[in-house]
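>>> No letters, just coordinates:
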């Protein structure tokens, strides 16, 4: 199994490369390096051969690939940087194919081993009367026959000639009556054919690898899309929450706008980064911080809310509050009316998430019953 | 042989946990035996230093931070010590799970996946329990505000009414409120409790109370408005967060129980049940199952908005 060795070397090499890059980029905290860095994918994407490759692909802003990727990132408000997206696109298919190949080869070895062990199990029942054998003796017998006669010689023969050769060879290494030896040769022939079938390269493997490469290429994009749709489903509730919170806190005498914005930052998860940036610059320049926040979001209702906050902060407080309360009343009636009828998008996504796992686990639970019925059907002769 | 070892490990951990529990929860009357308390505190600090060594493992510092935040609801006094014990117990459970499951499969990739799953499941399950508990407290927030309002209308004093709401509520939550009212810095304690609860409306309640203490104003009217908004918002929100948590529990249970149930069926109907997956088809199935559970749990976690 040369392929096995080559694959293990490949796996070790890949892990070595990853570890080496990480260690080289982020050395251990030494005597003079007290600042501890965290793993940053964007920095890694500028490094070494990968960085040059990415530069080659999307360095030119006018090329079709870079246009497509930047357009995608802009349209779906990607949380991943463009360079990181390309890096993941390059690395994920390779990793997936390596994992698939190594799993496939271990499975193949496992199958071959099991068929070898099965060779003369029932013959052993007859000889020893022992019901529990590990099958190692059978595998040894198979190996010794193969070693004695040569695999390449046996491969090119027809069934009859192969049986003849084995029948002549077997008494040299195994003691038994002629009936037993006949049965053993029969079994050997069957397992030999099975093993050869397993070892021959399948077309399905190539198809699987092709599918995996396609899947790996579009995995980062699908992740971005998933996050985008989940956020879109969450955004409305979040904005309703923020509107109510604002109208509550703005009514308290002596409660300043920056404190309100800090409370808002605490209570959201979607807009936490945007509010954080706004809060940092708010005390120095109120107007620009709020306009930046206004421009960073595409949701209409949220933009409206920020407009009202701007009015509250820079112009008249009481009129802004009146507008806010009126809008909340209008919107609440709509949402309360539709709350019972509307199917929640999040629930549908959740069901889609757990469906494959549920299906598989039920299949595993039912599998023994299925096997029993299939055996009964196959043993029944019509 | 395996079961004997397992039972020994379980008994040992149980004895250790019982002893530590006796030290942690002092049941004696405090005025009667003060010396003993001081001794136990010194002992706890010594043991805690040893227990804290577990945070040297990777990811454990973040996990411990998360646990400390969530144990804020509990009525334990020495939260750090309790969290350390819980971390040790969870790692013991995951090690037991690894020793039990690693021989299930004969191939390397399934062994890796079993290790991953048995490392993930105990911690994930406890985090889910935290979420369920949090949800239960979140439902109580309007009740807390109502209680506080009625008490405050008679009392007109904040700290005393916090104490009285605690007495009226009862249970662990009520005890928490009483301990908050006895503290020197009530505002800081209330704020840390609100942070651990991470509920928007409770945060707003804390802010309103704080502003009233500093600047005055009409607290009752503001509380009335707060309660109105909470009830309308809860009508929109409903129980959707809880549904996703139930999905998660379902997925974890399926992942853990699918293989044993299948084995049970095989034993009952075919007499061919083995504790090991030898053929590659069943190995592949188990591998797919574990990968799918890990992916779906990650996806569900991102769906839940807390």
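Arrived safely. Please read all numbers here as calculations on a predicted model, not as lab measurements. Numbers count the residues shown, from 1 in each chain, chains lettered A, B, ... in the order given.
>>> check contacts around residue A:263.
A:245, A:249, B:203-204, B:207 (C-beta atoms under 8 Å, 6 or more residues apart in numbering or on different chains). The C-beta positions use only the backbone N, C-alpha and C, and glycine is treated the same way.
>>> Now do the same for residue 221: its pLDDT.
Since you didn't name a chain, this refers to chain A. We have a pLDDT of 92 for residue A:221.
>>> if you could check chain B rather than the one you did, that'd help
So residue B:221 comes in at 86 (pLDDT).
>>> neighbours around it, how many?
10 (other C-beta atoms under 10 Å in any protein chain shown).
>>> on that earlier part again, could I have the buried ones of the contacts of residue A:263 as ChimeraX selection syntax?
In ChimeraX, a selection of the buried entries from the contacts of residue A:263 looks like this (16 or more other C-beta atoms under 10 Å in any protein chain shown):
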select /A:245,249 /B:203,204,207
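>>> ok, now which ones touch whichever residue of the stretch 51-200 of chain B sits closest to chain A?
Using C-beta to the nearest C-beta, the single residue of the stretch 51-200 of chain B nearest to chain A is residue B:200, 4.2 Å away. By C-beta under 8 Å, 6+ apart, the contact set of residue B:200 is A:241, A:245, A:267.
>>> What is the nearest of the residues you listed to residue A:259?
Lowest distance from residue A:259 to the contacts of residue B:200 (C-beta to C-beta) belongs to residue A:245, with 11.9 Å.
>>> The longest helix seen in chain B and chain A, are they touching?
The longest helix of chain B (DSSP state H) is helix B:108-155. Yes. Remark: helix B:108-155 sits within contact range of chain A at B:108-109, by C-beta under 8 Å from any C-beta of the partner chain.
>>> immediately after that helix, which helix or strand?
Downstream of helix B:108-155, the first helix or strand assigned by DSSP states H and E is helix B:158-169.
>>> other SSEs contacting that following helix?
Using 3 or more C-beta pairs under 8 Å, 6 or more residues apart in numbering or on different chains; DSSP states H and E as the contact test, the elements touching helix B:158-169 are helix B:108-155, helix B:171-182, helix B:186-197, helix B:200-215.
>>> repeat that with 7 Å
Using 3 or more C-beta pairs under 7 Å, 6 or more residues apart in numbering or on different chains; DSSP states H and E, the elements in contact with helix B:158-169 are helix B:108-155, helix B:171-182.
>>> residues of stretch B:183-190 that come out buried?
B:186, B:189-190.
>>> err, stretch B:118-131, not the other one
Buried-residue list, stretch B:118-131, by 16+ other C-beta under 10 Å: B:118-126, B:128, B:130-131.
>>> which one of the residues you listed is nearest residue A:331?
residue B:131 (29.0 Å).
>>> hang on, the earlier thing: to residue B:234, which of the helices and strands packed on helix B:158-169 lies closest?
helix B:108-155 (7.4 Å).
>>> Who are the packing partners of the closest one?
Counting by 3+ C-beta pairs under 7 Å, 6+ apart, the packing neighbours recorded for helix B:108-155 are helix A:82-118, helix B:79-101, helix B:158-169, helix B:200-215, helix B:219-237, helix B:240-270, helix B:280-303.
>>> Could you dump those helices into JSON lines with distance to residue B:57 added?
Formatted as JSON lines, the helices and strands packed on helix B:108-155 follow (distance: least, C-beta to C-beta, whole Å):
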{"stretch": "helix A:82-118", "distance to residue B:57": "26"}
{"stretch": "helix B:79-101", "distance to residue B:57": "8"}
{"stretch": "helix B:158-169", "distance to residue B:57": "38"}
{"stretch": "helix B:200-215", "distance to residue B:57": "33"}
{"stretch": "helix B:219-237", "distance to residue B:57": "38"}
{"stretch": "helix B:240-270", "distance to residue B:57": "23"}
{"stretch": "helix B:280-303", "distance to residue B:57": "20"}
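>>> Any residue of stretch B:249-260 touching chain A?
Yes. Interface with chain A: stretch B:249-260 contributes B:251, B:254-255, B:258-259 (C-beta under 7 Å from any C-beta of the partner chain).
>>> give the contact list for the residue positioned nearest the centre of chain A.
When C-alpha atoms, centre = their mean is applied to chain A, the residue found nearest the centroid is residue A:219 (7.9 Å). Taking C-beta atoms under 7 Å, 6 or more residues apart in numbering or on different chains, we find residue A:219 in contact with residue A:92.
>>> what's the spacing between it and chain B?
With distances taken as C-beta to the nearest C-beta, to the nearest Å, residue A:219 is found 11 Å from chain B.
>>> domain ranges for chain B?
B:1-101, B:134-239 (automatic domain parsing).
>>> now, of the ones you listed, which is deepest in the fold?
Sort the domains of chain B by mean neighbour count, taking mean count of other C-beta atoms under 10 Å in any protein chain shown, and domain B:134-239 sits at the top with a mean of 17.
>>> so how far is it from its chain's centroid?
22 Å (C-alpha atoms, centre = their mean, to the nearest Å).
>>> Repeat that for stretch B:77-91.
11 Å.
>>> Spell out which parts of the stretch 201-350 of chain A neighbour chain B.
A:230, A:234, A:237, A:240-241, A:244-245, A:248-249, A:251-255, A:263, A:266-267, A:269, A:332, A:335-336, A:339, A:344, A:346-347, A:349-350.
>>> Kindly recompute the last result at 6 Å.
A:234, A:241, A:244, A:248, A:252-255, A:267, A:332, A:335, A:339, A:344, A:346, A:350 (C-beta under 6 Å from any C-beta of the partner chain).
>>> Out of the residues you listed, name the ones that lie in helices.
Per DSSP H, the subset of those in helices is A:234, A:241, A:244, A:248, A:267, A:332, A:335, A:339, A:346, A:350.
>>> Rebuild the domains of chain B as TSV, extending it with distance to residue A:199.
What follows is those, written out as TSV (distance: least, C-beta to C-beta, whole Å):
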stretch	distance to residue A:199
domain B:1-101	31
domain B:134-239	56
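>>> mean pLDDT for these: which is lowest?
domain B:1-101 - the lowest mean pLDDT of these, at a mean of 79.
>>> Which of the buried residues of stretch B:183-190 lies at the shortest distance from residue B:55?
residue B:189 (25.4 Å).
>>> so who does the closest one touch?
Applying C-beta atoms under 6 Å, 6 or more residues apart in numbering or on different chains to residue B:189 gives the contacts B:180, B:183.
>>> For residue A:202, what are phi and psi?
phi -90, psi 150 (degrees, to the nearest 10).
>>> Just give me the neighbour total for it.
The burial count for residue A:202: 12, using other C-beta under 10 Å.
>>> That's all I had, so thanks and see you.
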